[in-house]
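Novice: Give me coordinates for this.
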Amino acid sequence: MRPKKKDDRGKLTTTTATTSAGSTSDAPTLIGRMDQVDTSLFLMAMSKKTSLCPSNPTDKREELFNFRVQIKNEVIDAIIDRSGSQKNLISENLVQRLGLSTTPHPHPYPLGWINSNIEMKIDHQCKVKFAVTSVYIDEMLCEVVPLNICNLIFGSPYLWDRDAIFFRRPQQYQIVKDR
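Specialist: Modelled structure (predicted):
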């Protein structure tokens with residue numbers, strides 16, 4: 001399912017992610033916003049419908065950038081945290097469920113931002129390989145933490161490494177791999 005063209009010049013309502021190394025096709029991978037989840041693997045932004053979020057569909061400023069990625073043979077929920085998460089995070093439940101290997105963290109540290117009364121120690125990392133589409137396959141190093149809002153959070157380290165650009169009004173990311 002591809003987004004429809006906006007005008008005659010071919011301007012798409014999506015953002016492009018491209019790979020330069022090892023790509024078999026010059027066609028870009030399209031990244032954009034859709035209103036319903038596609039059952040196939042395709043990157044999209046979706047509003048997270050919760051009781052804590054206002055139901056005003058016109059206010060996109062505070063929406064999370066939700067999308068789906070494939071890890072091994074499972075398609076999971078992920079979030080791009082544009083609020084400035086300093087770490088890439090993966091759910092310890094997902095790590096256990098998929099049998100992903102972890103390594104001891106070289107510099108364990110306490111994490112207290114989830115609940116100020118409870119201090120959690122981050123002592124493991126996981127290098128996870130994921131696919132956004134059949135063309136865009138990547139990996140990132142994540143801190144293993146107990147997450148229940150989603151399985152994977154793409155934080156500042158991943159966005160920085162991929163030189164990601166966020167276009168606020170259309171709610172789109174541009175990510176270039178292997179520049």
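
Novice: And for the longest strand anywhere in the chain, what's in contact with it?
Specialist: Looking across the chain with DSSP state E, the single longest strand is strand 120-131. Strand 120-131 is contacted by residues 41, 69-71, 90, 95, 100-105, 108-112, 114, 137-146, 152 when judged by C-beta atoms under 8 Å, 6 or more residues apart in numbering. (Each C-beta comes from the backbone N, C-alpha and C, glycine too.)

Novice: next structured bit after it?
Specialist: Beyond strand 120-131 on the C-terminal side, the first helix or strand identified by DSSP states H and E is strand 137-145.

Novice: Can you list the strands that that next one pairs with?
Specialist: Here strand 137-145 is paired, per DSSP bridges, with strand 89-91 (parallel), strand 120-131 (antiparallel).

Novice: Which among those is found nearest to residue 78?
Specialist: Distance to residue 78, taken as C-beta to C-beta, is lowest for strand 120-131 among the strands paired with strand 137-145, at 8.0 Å.

Novice: Quick check: mean pLDDT of that closest one?
Specialist: Regarding strand 120-131, the rounded mean pLDDT is 92.

Novice: Stretch 151-171 now?
Specialist: Throughout stretch 151-171, pLDDT has a mean value of 81.

Novice: mind listing what's buried in it?
Specialist: By 16 or more other C-beta atoms under 10 Å, the buried positions in stretch 151-171 come out as 151-159, 162, 164, 171.

Novice: Check stretch 73-85 too.
Specialist: So stretch 73-85, judged by 16+ other C-beta under 10 Å, has buried residues 76-82, 85.

Novice: Go through the residues you listed and flag which are in helices.
Specialist: Among these, no member falls in helices (criterion: DSSP state H).

Novice: ok, which pair from these is furthest apart?
Specialist: Across the buried residues of stretch 73-85, the longest distance by C-beta to C-beta is 19.4 Å; it joins 76 and 82.

Novice: What ranges does the chain have for its strands?
Specialist: In the chain, the strands defined using DSSP E lie at 14-19, 29-33, 44-45, 65-71, 74-80, 89-91, 103-111, 120-131, 137-145, 152-154, 165-167, 172-177.
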